[in-house]
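Trainee: I would like to see how this sequence folds:
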Amino acid sequence: MGETIMPEERMPVLGVFLLAAASAAVHGDASGQAAGGTASNWTVSPQPERAYGWIEGEPNSEFYGIVGLAHGPDGNFAVADRQLAMITVFSPDGTVIAAMGRQGDGPGEFRSLTGIVADEEGRFVVFDDAHQRLSEWTFDGTLVGDTRLSREGTDRRIGAVGQFADGSWYASEGDRMVATELGDVGRDTVGYHRLREDGAVGEALVRVPGRVTTMFTVGGMPPGIRGALFSPRALDATRGNCLLAGASDDPVLRIFDRTGAALGELRLEVQVDRSTEDARRQWISATIAVAREVGQEVGPRQERMVETVGEAMGMAERIPFAWDLIVDDLGYFWIQPYELPDGPGNSEWRVFTETGQALGTVRLPEGFRALRISSDAITGVWTDGLGRQFVQVYALDRGGDTEARPLPPGCG
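Mentor: Now for the predicted structure:
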């Protein structure tokens, strides 16, 4: 199953508050939730079976900004860290096999490392969205070569690349601002394009609604940029040789094959709420509460600043239902719910079948960001209170349900 190399999220308007919220992760237990359906019987081990990172005396095992990992031959895997501009390869027992990369513009150097995925040749590819460049490596640390993206089907910056089951690639555009009248809310779209081996971004496969963004001018001053409350995000995943794409404020994923032919839709059984002034007040209260929870001093002046910004910003039409989407190795869809004020949802992930039927929820550890879900394990990144990151693997017990779900017709 293909994976997607995703760009790191851009900091929202009130980054000073929300950044603090993101660094407040605390490790907790994980257990299945009693919500009717098969998934209510699934459980996650309370402690990780394996953990990688921060080995004493091994500086190449220290992580602060993990953007992804890729599994290779013999159980080895590579970890990409954006903040350190570095890739580290581990053996299954946690030994560091190789470390490569650094800040820079030369071959094998990075400015904005945003993701990593294993290819069909037993190697891995990383994407740097600042350089708009792909770099291919072996799992022993050898740079095979760099490929800079070129434009044919779009003039927009590429924000992510991904791979289908047959090894072919696609690229998706990054966000861009859209012009609108002061006080209105404009909406961006995201295009998905063929990506050839020579790095050429070709014709569009599909275009879907993207993040809500607005650009406006006040009194002849230079353009100002702002987001909107409850700004949605593009959601995408691959199943076999198909791309499923949609937006986080509409529970419908459109299905396209790798040629761009539309094959249907997947409607998820989930409620989506409309934005209201009460939701605006909830956003303001939640933003202030989060800042205080992580120890920030929020006096009357700071509180009023948050209220002023919250009252002035436009609102998207609907409140997103999702923050993240993962399709596991068996073909189940996992949704991490959106949570106020504007960031990753809580640790209860919703699980759906390939037809969109809701099965229930599964609780993952607090502070744990899932990256891959296999038939019997969940691999991801856990961040401690000091901002240190660890790759952790938790056992997943599906209660004996380990049968793969069927692919959508035309995706084999």
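
Trainee: Now T308: which helix or strand?
Mentor: Under the criterion of DSSP states H and E, T308 resides in helix 300-312.

Trainee: Give me the helices and strands touching that helix, please.
Mentor: Helix 300-312 sits against helix 277-293, with contacts defined as 3 or more C-beta pairs under 8 Å, 6 or more residues apart in numbering; DSSP states H and E. Just so you know, the C-beta spots here come from the backbone N, C-alpha and C atoms, and that holds for glycine as well.

Trainee: what's the angle from the helix holding T308 to helix 277-293?
Mentor: Counting by axes from the mean of the first three to the mean of the last three C-alpha atoms, to 10 degrees, helix 300-312 points 150 degrees away from the direction of helix 277-293.

Trainee: For helix 300-312, buried residues please.
Mentor: Using 16 or more other C-beta atoms under 10 Å as the test for burial, helix 300-312 gives V306, G310.

Trainee: beta partners for the closest residue to V208 other than its chain neighbours?
Mentor: With sequence-adjacent residues excluded and distances taken as C-beta to C-beta, 6 or more residues apart in numbering, V208 is closest to A245, at 4.6 Å. Counting by DSSP bridges, A245 is bridged to D236, R254.

Trainee: Pretty sure G380 sits against F368.
Mentor: Yes - assessed by C-beta atoms under 8 Å, G380 is found in contact with F368 at 5.4 Å.

Trainee: okay, and the common contacts of those two?
Mentor: Q392 (C-beta atoms under 8 Å, 6 or more residues apart in numbering).

Trainee: Give me the contacts around stretch 40-60.
Mentor: Counting by C-beta under 8 Å, 6+ apart, 29-34, 61-63, 79, 86, 88, 90, 94, 96, 99, 351, 359-365, 377-378, 382, 388-399, 401 sit against stretch 40-60.

Trainee: sorry, back to before: pull the CA coordinates from the following helix or strand past the helix holding T308 and hand them back as CSV.
Mentor: Downstream of helix 300-312, the next assigned helix or strand under DSSP H and E is strand 322-327. Below are the C-alpha coordinates for strand 322-327, written out as CSV (Å, rounded to 0.1, in the frame of the first residue of the first chain):
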residue,chain,number,x,y,z
ALA,A,322,-11.2,15.1,11.2
TRP,A,323,-7.6,16.1,11.8
ASP,A,324,-5.9,13.0,10.3
LEU,A,325,-6.7,10.0,8.1
ILE,A,326,-4.9,6.7,8.0
VAL,A,327,-5.8,3.6,6.0
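
Trainee: what's in contact with strand 322-327?
Mentor: Contacts for strand 322-327 (C-beta under 8 Å, 6+ apart): 1, 233, 235-239, 244, 248, 251, 270, 333-339, 343-345, 370-373.

Trainee: How far does that strand sit from its chain's centre?
Mentor: Distance of strand 322-327 from its chain centroid, counting by C-alpha atoms, centre = their mean, to the nearest Å, is 7 Å.

Trainee: Pairing partners for it, with directions?
Mentor: Strand 322-327 is paired, per DSSP bridges, with strand 333-337 (antiparallel).

Trainee: relative to strand 322-327, how tilted is the next helix or strand after the strand it pairs with?
Mentor: Using DSSP H and E, the helix or strand that follows strand 333-337 in sequence is strand 348-352. Strand 348-352 and strand 322-327 meet at an angle of 50 degrees, taking the same axes, to 10 degrees as the criterion.

Trainee: helices or strands next to strand 348-352 in the packing?
Mentor: strand 333-337, strand 358-363.

Trainee: now the angle from the longest one to strand 348-352?
Mentor: I take that to be strand 358-363. 150 degrees.

Trainee: Can you spell out which helices and strands pack onto strand 358-363?
Mentor: Using 3+ C-beta pairs under 8 Å, 6+ apart: strand 358-363 touches strand 43-44, strand 348-352.

Trainee: partners of the shortest one, with directions?
Mentor: Here strand 43-44 has these sheet partners by DSSP bridges: strand 389-397 (antiparallel).

Trainee: Check the last one too.
Mentor: As defined by DSSP bridges, the strand partners of strand 348-352 come to strand 333-337 (antiparallel), strand 358-363 (antiparallel).

Trainee: Which of those strands sits closest to G75?
Mentor: Closest approach to G75 among the strands paired with strand 348-352 (C-beta to C-beta): strand 333-337, 23.6 Å.

Trainee: Would you mind pulling the contact partners of the closest one?
Mentor: Taking C-beta under 8 Å, 6+ apart as the rule, strand 333-337 contacts 237, 266, 268, 270, 321-328, 344-346, 348-354, 356, 362, 370, 373.

Trainee: Mind putting the helices and strands packed on strand 358-363 into JSON lines with mean neighbour count and distance to T142?
Mentor: As requested, the helices and strands packed on strand 358-363 are exported to JSON lines (neighbours: other C-beta atoms under 10 Å; distance: least, C-beta to C-beta, whole Å):
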{"stretch": "strand 43-44", "mean neighbour count": "20", "distance to T142": "36"}
{"stretch": "strand 348-352", "mean neighbour count": "23", "distance to T142": "37"}
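
Trainee: Next, format those strands as JSON lines and append mean pLDDT.
Mentor: Listed next are those as JSON lines, based on pLDDT from 0 to 100:
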{"stretch": "strand 43-44", "mean pLDDT": "94"}
{"stretch": "strand 348-352", "mean pLDDT": "95"}
